[in-house]
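Q: One predicted model, sequence on top.
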Number of protein chains: 2
Amino acid sequence: MNNINNETNGDLLNYQTMRLKDIIAEIVQCCDDRKLYESQKFGLPYSELKCLMLFPGERYLTVKGIAEKLQVAKSRVTKILDCLIGKRFAVRIVDPTDARVKLISLTPKGKQKAEELENFQRQIHGNLLLQMNNQERKNVISQLELLRTAMEAVKEQMV
Amino acid sequence: MNNINNETNGDLLNYQTMRLKDIIAEIVQCCDDRKLYESQKFGLPYSELKCLMLFPGERYLTVKGIAEKLQVAKSRVTKILDCLIGKRFAVRIVDPTDARVKLISLTPKGKQKAEELENFQRQIHGNLLLQMNNQERKNVISQLELLRTAMEAVKEQMV
DNA sequence: TTAATATTGTTCATAGTGTTAACTAAATAT
DNA sequence: ATATTTAGTTAACACTATGAACAATATTAA
């Protein structure tokens, strides 16, 4: 009896495991599609869009700071900035208080692009919520938080 | 009064939108970290791992079929297969019924790798569920399904 | 049956994302 | 004053991916 229940529970867990894996993969795929779409819509490689998105709310950023926020090597940031600056979306100025540091800021053109991108992202995430009723919104968000917490716990075990 | 309620609802929606966007980003980041980890653990580029994962359950695959499943160009598949075959994880044979077609199958070494990878993925997704109680498992999965459905609906609107 | 067309897979050129190591210049600590 | 640390750049490399041109083979139509 107990044995059968364990069997059944094991089967359910196996089924749920597969289900979970598949759904997560589908969601990640949707997000990747969205990145591609944004990249095309805004005419910039996604890495440059991600970089632009760091600025709203901050006047200046340093290469080091951007590298930390994007979680990439500083050399990668240098290259992304070369591109953004070449396209007149950003400028590099030397920090007057420390000549090693470059202060990066957006040009008006860059600010506009960042704002458009921000609006677009707000819009599609808003549309996501509009697909749901009030209760569903709360549930989805809280269950996603649960999942994120679980993922971080499992990540700890892994490393 | 009604006005105030609308304001409040709008604020809530804005807050939820931000929240949703951030959590999704964190979850996607976790998944990317996992891909990197798997790549290192199994000593293969992630694209090759993804390719290996297509085989369990299918004896032979064609370049075209793999390209469709991975959602990449055929030329990309050719390169991935060159690598896998160079490492003795797969072989190419000409389809006896259509000389244009190459039938790709895994070597025993490739099958073993694919199985190890499958087990590992089952394990970590199982561990994810073990972080939760019975009710939470059901809720997380059903809310993820809701989210996936919403994402696909919004994607339709976008294109 | 031959000629035109379509399909399968490869090669090549190109672009994008990312890393590490070596380096320059500037600031700090000894 | 010298040694060390920090900030950013450069260069070499690896991985992911695309599209166009191409060769070989199949299929369709004349």
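A: Great, that's in hand. Here the structure is a predicted model, which means the values were calculated and not measured.
Q: alpha carbons only for contacts and neighbour counts from here, please
A: Will do.
Q: Any figure for the gap between A:Glu145 and chain B?
A: Separation of A:Glu145 from chain B (Cα to the nearest Cα, to the nearest Å): 7 Å.
Q: What of A:Gly65?
A: 19 Å.
Q: Let me know how buried that residue is, in neighbour terms.
A: 14 (other Cα atoms under 10 Å in any protein chain shown).
Q: Starting from the helix or strand where it lies, tell me the next helix or strand along the chain.
A: Applying DSSP states H and E as the criterion places A:Gly65 in helix A:63-70. Downstream of helix A:63-70, the first helix or strand assigned by DSSP H and E is helix A:74-86.
Q: which other helices and strands contact the longest helix seen in chain A?
A: As assigned by DSSP state H, the longest helix anywhere in chain A is helix A:2-42. Helix A:2-42 sits against helix A:46-52, helix B:2-41, helix B:108-130, helix B:134-158, with contacts defined as 3 or more Cα pairs under 8 Å, 6 or more residues apart in numbering or on different chains; DSSP states H and E.
Q: Now do the contacts for the residue lying closest to A:Lys102 once chain neighbours are set aside.
A: What sits nearest to A:Lys102 in space, not counting adjacent residues and going by Cα to Cα, 6 or more residues apart in numbering or on different chains, is A:Val94, at 4.6 Å. Neighbour list for A:Val94: A:100-103 [criterion: Cα atoms under 8 Å, 6 or more residues apart in numbering or on different chains].
Q: wait, what's in contact with the residue nearest the centre of chain A?
A: When chain A is reduced to its mean C-alpha position, the closest residue under Cα atoms, centre = their mean turns out to be A:Lys50, at 7.8 Å. With contact taken as Cα under 8 Å, 6+ apart, A:Lys50 is in contact with A:Leu70.
Q: how far away is it from DNA strand C?
A: With distances taken as Cα to the nearest atom of the strand, to the nearest Å, A:Lys50 is found 8 Å from DNA strand C.
Q: With A:Lys74 instead?
A: Using Cα to the nearest atom of the strand, A:Lys74 is found at 7 Å from DNA strand C.
Q: what about that residue, distance to B:Phe89?
A: Taking Cα to Cα, to the nearest Å as the measure, A:Lys74 falls 36 Å from B:Phe89.
Q: At the contact with DNA strand D, which residues of chain A appear?
A: Applying Cα under 7 Å from any atom of the strand, we find that chain A lies next to DNA strand D at A:62-65, A:74-79, A:100-103.
Q: Just put those in a markdown table and tack on pLDDT.
A: Output for these, formatted as a markdown table (pLDDT from 0 to 100):
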| residue | pLDDT |
| --- | --- |
| A:Thr62 | 98 |
| A:Val63 | 98 |
| A:Lys64 | 98 |
| A:Gly65 | 98 |
| A:Lys74 | 98 |
| A:Ser75 | 98 |
| A:Arg76 | 98 |
| A:Val77 | 98 |
| A:Thr78 | 98 |
| A:Lys79 | 98 |
| A:Arg100 | 97 |
| A:Val101 | 98 |
| A:Lys102 | 97 |
| A:Leu103 | 98 |
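Q: Report the residue spans of chain A with pLDDT below the cut-off.
A: For chain A, applying pLDDT under 70 flags the ranges A:1-9, A:159.
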